[in-house]
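Novice: no FASTA, just this:
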């Protein structure tokens, strides 16, 4: 990044990532520790709160709109509690 004229120290975690998911099919994202799985999913889900997000996010070729994406997709983390009764704090 310094070769491109950037003076601040920023670690680039993802670059040139593409993917395809079939509608209605549960998909597991797997890889070694530190591969960027959580970072990728947090960015896609709109959960990433720190750092810099730059680039072009597209869904089916169209610019990603968070409200629409949240309605058509689901993302649960490995340690989430999955219960048909819902939250345990009601």
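Specialist: That came through fine. Keep in mind it's a predicted model, so treat the numbers as computed, not measured.
Novice: tell me the helix or strand right after the lengthiest helix in the chain.
Specialist: Residue-count comparison of every helix in the chain, with assignments taken from DSSP state H, identifies helix 37-45 as the longest. Beyond helix 37-45 in the direction of the C-terminus, DSSP states H and E gives the next helix or strand as strand 58-59.
Novice: quick one: distance of the very next helix or strand once past that following strand to the chain centre.
Specialist: Elements were assigned by DSSP H and E; along the chain past strand 58-59, the next helix or strand is strand 62-63. For strand 62-63, the gap between its own C-alpha mean and the chain's C-alpha mean amounts to 16 Å (Cα atoms, centre = their mean, to the nearest Å).
Novice: how about residues contacting strand 62-63?
Specialist: Applying Cβ atoms under 8 Å, 6 or more residues apart in numbering, the set of residues contacting strand 62-63 from outside is 56, 57. Where C-beta positions appear, they are placed from N, C-alpha and C, glycine not excepted.
Novice: strand partners of it, parallel vs antiparallel please.
Specialist: Strand pairing for strand 62-63, using DSSP bridges, gives strand 58-59 (antiparallel).
Novice: so what touches the strand it pairs with?
Specialist: For strand 58-59, the external contacting residues (Cβ under 8 Å, 6+ apart) are 64, 68, 69.
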